[in-house]
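Colleague: Structural data only, the sequence is not supplied:
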């Protein structure tokens, strides 16, 4: 992977000094050209993954991370793209496999992929009003109407927040019940030896 | 519920068996349960094992698994019911002919199981009436067989076997002679 060529070709991009693979932040306007450059000139012919991400420490809240693999040279490269105004150009015209990944990133984070051929939700139902993997969305969920009005009419069912037993996966330590198989003395672990 | 059985006394009746309509209808129903496998997650693997030769669900007269709701009378909900799928589960239940029963197989179908999340229906009994709940994650095939035998017991002891109600709505099965 020739980092200098990519940085020279796309001056707005930035080397993030990835520890496991070459990692770059590219501007949204450059994304399609950069992916095409990597695919056609650098041999990164397989889109291994595309996912959304929410950054609490960056001015743009959402971003997209792409992993590209060269099936001939067995090398990976990672691209970060900031979603300015929650919008990122779709790469599904270059890598058709991005189609469902982009739908998932839209469904879970609300990132809009411009130029996507089929911009629907993929996991939640079409009328669902939230994007559940956003950090401000509670794991238990928010009450909304049931997906099918006729079923809701017969059953009286709503989409309700799930019961969380005092907190999402928060262990209070100690035994919850006498029948629970756990160590009696939990004050020490492999990392913190017994006093 | 009244436990009813067949009465046969050769000295009194000769070759006539005296019984109640409920008892004979229930006996027939309990020995020809046609399950519809509503396999939604890993419990369905155990359900498939129950149908195989090792566990052999046909020993109890319910091996006729039908993948069409029109031809089945017991829906085995095996797996996690998401809100997106819940609508489909209810529609399939509505398409089954009366009388019909529902078995919630495993923790997820019974209560939502470990999925305390925005996407998961917390128990299939929120949308369909459940007759038997089977614990386990997933239940072993023996547990499913035990649950199905409990269902047979329940069918055999149903009072007013020609009538079923759901949320105040009465459904009457008519005998046409």
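Modeller: Perfect, thanks for sending it. Remember, predicted model here, so these are calculated numbers, not experimental data.
Colleague: in a helix, that's where residue A:68 is, yeah?
Modeller: No - residue state for residue A:68 (DSSP: H, G, I helix; E, B strand; the rest coil) corresponds to strand; a helix is not indicated.
Colleague: What number of residues are in the vicinity of it?
Modeller: By other Cβ atoms under 10 Å in any protein chain shown, the residues close to residue A:68 number 27. All C-beta spots, glycine's among them, are computed from the backbone N, C-alpha and C.
Colleague: Next, please give the residue ranges for the helices of chain A.
Modeller: Using DSSP state H, the helices assigned to chain A run over residues A:3-9, A:31-40, A:98-109, A:149-155.
Colleague: Relative to chain B, which of these is closest?
Modeller: Distances from chain B to each of the helices of chain A were compared using Cβ to the nearest Cβ; the shortest belongs to helix A:149-155, at 4.7 Å.
Colleague: can the closest one be found next to chain B?
Modeller: Yes - shown here: helix A:149-155 in contact with chain B (Cβ under 8 Å from any Cβ of the partner chain) through A:151, A:154, A:155.
Colleague: Residue B:155: what's its closest spatial neighbour, skipping adjacent residues?
Modeller: Distances taken as Cβ to Cβ, 6 or more residues apart in numbering or on different chains put residue B:30 closest to residue B:155, at 4.1 Å, once the chain neighbours are dropped.
Colleague: residues contacting the one you found?
Modeller: Contacts for residue B:30 were tallied using Cβ atoms under 8 Å, 6 or more residues apart in numbering or on different chains; they are B:61, B:152, B:153, B:155, B:156.
Colleague: Likewise for residue A:80?
Modeller: A:16, A:23, A:24, A:25, A:26, A:63, A:64, A:65.
Colleague: how about 6 Å then?
Modeller: The neighbours of residue A:80, taking Cβ atoms under 6 Å, 6 or more residues apart in numbering or on different chains as the test, are A:25, A:63, A:65.
Colleague: what's near enough to touch the closest residue to chain A within chain B?
Modeller: In chain B, the residue that lies nearest chain A is residue B:118 (2.9 Å; Cβ to the nearest Cβ). Contacts were defined as Cβ under 6 Å, 6+ apart; by that measure residue B:118 touches A:132, A:141.
Colleague: 8 Å instead?
Modeller: Applying Cβ under 8 Å, 6+ apart, the residues near residue B:118 are A:130, A:132, A:137, A:138, A:139, A:140, A:141, A:142, A:159, A:161, A:162.
Colleague: rewinding a little: please list the members of the contacts of residue A:80 that lie in strands.
Modeller: Within the contacts of residue A:80, membership in strands is found for A:25, A:63, A:65, as judged by DSSP state E.
Colleague: ok, and the most crowded of those?
Modeller: Of all these, the highest neighbour tally under other Cβ under 10 Å goes to residue A:63, namely 22 neighbours.
Colleague: Would you check how far apart it and residue B:85 are?
Modeller: According to Cβ to Cβ, to the nearest Å, residue A:63 stands 31 Å off from residue B:85.
Colleague: Next, count neighbours for the nearest residue to residue B:112 once chain neighbours are set aside.
Modeller: Counting by Cβ to Cβ, 6+ apart, residue B:122 is the residue found nearest to residue B:112 once chain neighbours are left out, at 3.7 Å. Other residues within reach of residue B:122 by the criterion other Cβ under 10 Å amount to 20.
Colleague: dump the residue contacts of the residue nearest to residue A:46 when sequence neighbours are not counted.
Modeller: On the basis of Cβ to Cβ, 6+ apart, the spatially nearest residue to residue A:46 that is not a chain neighbour turns out to be residue A:69, at 4.4 Å. Listed by Cβ under 8 Å, 6+ apart, the contact set of residue A:69 reads A:44, A:45, A:46, A:47, A:48, A:75, A:76.
Colleague: Mind checking which of those are buried?
Modeller: A:44, A:47, A:76 (16 or more other Cβ atoms under 10 Å in any protein chain shown).
Colleague: Close to chain A: what parts of chain B are there?
Modeller: The interface of chain B toward chain A, taken as Cβ under 8 Å from any Cβ, is made up of B:83-84, B:86-87, B:90-91, B:112, B:115-122, B:126-128, B:167.
Colleague: Recalculate using a threshold of 6 Å.
Modeller: Those residues of chain B that sit near chain A, judged by Cβ under 6 Å from any Cβ of the partner chain, are B:83, B:84, B:87, B:90, B:116, B:117, B:118, B:122, B:126, B:127.
Colleague: So which bits of whichever strand or helix holds the third one are buried?
Modeller: Residue B:87 is part of helix B:83-95 when elements are defined by DSSP states H and E. Under the neighbour-count criterion of 16+ other Cβ under 10 Å, helix B:83-95 has B:83, B:84, B:85, B:86, B:87, B:88, B:89, B:90, B:92, B:93 buried.
Colleague: same question for it, mean pLDDT?
Modeller: For helix B:83-95, mean pLDDT is 93.
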